[in-house]
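>>> Sequence first, then the predicted structure:
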Amino acid sequence: MNSLKPKPVKNSQVEMTEMVLPNHTNRLGNLLGGQLMHWIDICAAIAASRHTNRVCVTASVDKLNFLHPIKEGEVVILQGSVNRAFTTSLEVGVKVTSENLLNGVRKHANSAYLTFVAIDDDGKPVPVPPVKPSSAAERRRYHEAARRRAERLRVRKEGA
């Protein structure tokens, strides 16, 4: 049983804003997928560490679906939120929105779910505080995170 005090989702939420520069793009002027994955991982790691007050390492990334290209000159808004905490791990969701600054159009570009493990100074996993969802959306993400975790564990067991 986890004896740590539950923490509200809002305490660990992260919003990052990045501008897509030429060095972030491919030959077509689209944001490189690897660059976006890098930003997603940073956003999620900050949320995980805010929630746990620990160093957190990436354990897994669920599938990433690129819904539309993000062009050079656009802005990328990444919103990270801890969905649920388990014993030593937690799931963080990151929503990615692109914004064209010239016309103000925003598009949902990507969503990702990442699992992090909190570690101590020796690199060993440590218990994490539970999540205390307060809104309907937070409760929905909390319950969906348990289903995704069960699926991850099932796939891992089958692969072993």
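Received, thanks.
>>> Would you confirm that residue 6 contacts residue 128?
No. At 10.7 Å, residue 6 does not count as touching residue 128 under the criterion of CB atoms under 8 Å. Every C-beta, even on glycine, is put in place using the N, C-alpha and C of the backbone.
>>> Compare the two (neighbour count), which wins?
Per other CB atoms under 10 Å, whichever of residue 6 and residue 128 has more neighbours is residue 128, with 25 against 11.
>>> what about the more buried one, helix or strand, and which?
Using DSSP states H and E, residue 128 sits within no helix or strand.
>>> quick one, what contacts it?
Contact analysis of residue 128 by CB atoms under 8 Å, 6 or more residues apart in numbering lists 2, 4, 51, 52, 54, 85, 86, 87, 88, 89, 90, 118.
>>> Against which helices or strands is the longest helix along the chain packed?
For the chain, the helix with the greatest residue count under DSSP state H is helix 136-159. Under the contact definition 3 or more CB pairs under 8 Å, 6 or more residues apart in numbering; DSSP states H and E, helix 136-159 sits against strand 75-85, strand 89-99, strand 106-119.
>>> burial measure for residue 24, as a count.
Neighbours around residue 24, by other CB under 10 Å: 19.
>>> which residue packs closest to it, ignoring adjacent ones?
Distances taken as CB to CB, 6 or more residues apart in numbering put residue 35 closest to residue 24, at 4.8 Å, once the chain neighbours are dropped.
>>> Before we move on, what's the pLDDT of that neighbour?
Residue 35 is assigned a pLDDT of 98 by the prediction.
>>> CA atoms only: put the helix or strand hosting it into PDB for me.
Following DSSP H and E, one finds residue 35 within helix 33-52. This file holds the C-alpha atoms of helix 33-52, laid out as PDB (Å, rounded to 0.1, in the frame of the first residue of the first chain):
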ATOM      1  CA  GLY A  33       9.400  13.200 -36.000                       C
ATOM      2  CA  GLY A  34      12.500  12.600 -33.800                       C
ATOM      3  CA  GLN A  35      12.600  16.300 -32.800                       C
ATOM      4  CA  LEU A  36       8.900  16.200 -31.800                       C
ATOM      5  CA  MET A  37       9.500  13.000 -29.800                       C
ATOM      6  CA  HIS A  38      12.400  14.700 -28.000                       C
ATOM      7  CA  TRP A  39      10.200  17.600 -27.000                       C
ATOM      8  CA  ILE A  40       7.400  15.200 -25.900                       C
ATOM      9  CA  ASP A  41       9.900  13.300 -23.700                       C
ATOM     10  CA  ILE A  42      11.100  16.400 -22.100                       C
ATOM     11  CA  CYS A  43       7.600  17.700 -21.400                       C
ATOM     12  CA  ALA A  44       6.500  14.400 -19.900                       C
ATOM     13  CA  ALA A  45       9.700  14.100 -17.800                       C
ATOM     14  CA  ILE A  46       9.100  17.500 -16.300                       C
ATOM     15  CA  ALA A  47       5.500  16.500 -15.400                       C
ATOM     16  CA  ALA A  48       6.700  13.200 -13.900                       C
ATOM     17  CA  SER A  49       9.400  14.900 -11.800                       C
ATOM     18  CA  ARG A  50       7.000  17.600 -10.600                       C
ATOM     19  CA  HIS A  51       4.600  14.900  -9.400                       C
ATOM     20  CA  THR A  52       7.200  12.800  -7.700                       C
END
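>>> Right, I'll leave it there.
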